[in-house]
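K.L.:
Sharing a sequence plus its predicted fold:
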Protein chains: 2
Amino acid sequence: MSATRSGQLLAALPARLDGEVFETLLSHGSVRFERIVSLGHTAPAEGWFDQDEHEWVMVLEGAGRLRFEDGRELEMRRGDWVNIPAHVKHQVVWTDPHQPTVWLAVFYA
Amino acid sequence: MSATRSGQLLAALPARLDGEVFETLLSHGSVRFERIVSLGHTAPAEGWFDQDEHEWVMVLEGAGRLRFEDGRELEMRRGDWVNIPAHVKHQVVWTDPHQPTVWLAVFYA
């Protein structure tokens, strides 16, 4: 990796949001940067996210609510971040139905 | 690492900004998440940043301008991100003097 790469996280939002849209911004070794755009979506449809990687995730625009397996819930708005260690089960139980919610997710080992 | 951790990137901005303020949000293995807050600062004072780690950096609020050793400049506003590979020399040549600029920087190997 020798050249710089750049982009805009809030531009070119998907025109249709039938489901959440995941886009990889950059991937290098065991680190991956993704943009996630939601509009009133919950995820996964059934059960829990149970990931092999750690995930650091922040809301850039909009709002969402996560639930963890122990019942704890976390409201997230612009600037809120959470670090979810691998195999800590979680769900997105609500996202703003009126405007897209834009998340930056960093997955790492 | 087993417990979730969370925070707010735009809250509790430093009361004084005599210089840029760097805060580590989370560090795990070879990945480190930092918040950087600038107010009309340029950095480094002399010369270039020449880092052993790769850096993915995004503007959350405010605006800044980077310059690279090849003369290229990059204007950055809210949502703009850039990935700077290790040892790609760069400077922050301008940040907004009227409001704090909040950056998220992810350093990784």
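P.N.:
Happy to help now that I have it.
K.L.:
Now do residue A:27 against residue A:57, distance only.
P.N.:
16 Å (Cβ to Cβ, to the nearest Å). Where C-beta positions appear, they are placed from N, C-alpha and C, glycine not excepted.
K.L.:
who's more crowded, the two?
P.N.:
Neighbours per residue (other Cβ atoms under 10 Å in any protein chain shown) separate residue A:27 from residue A:57, with residue A:57 holding more: 22 against 11.
K.L.:
Nearest residue to the more buried one in space, ignoring adjacent ones along the chain?
P.N.:
residue A:105 (4.5 Å; Cβ to Cβ, 6 or more residues apart in numbering or on different chains).
K.L.:
what does the helix or strand harbouring that neighbour rub up against?
P.N.:
Secondary-structure element containing residue A:105, defined by DSSP states H and E: strand A:101-108. For strand A:101-108, contacts defined as Cβ atoms under 8 Å, 6 or more residues apart in numbering or on different chains pick out A:9-10, A:13, A:30-39, A:51, A:53-64, A:95, B:28-29, B:31, B:33, B:56, B:58, B:104, B:106, B:108.
K.L.:
Buried subset of the residues you listed, written for ChimeraX?
P.N.:
Applied in ChimeraX, the following selects the buried portion of these according to 16 or more other Cβ atoms under 10 Å in any protein chain shown:
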select /A:9,31,32,33,34,35,36,37,38,39,53,54,55,56,57,58,59,60,61,62,63,64,95 /B:31,33,56,58,104,106,108
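K.L.:
Was I right to think residue A:64 contacts residue A:40?
P.N.:
No: with contact defined as Cβ atoms under 8 Å, residue A:64 does not reach residue A:40; the gap is 10.1 Å.
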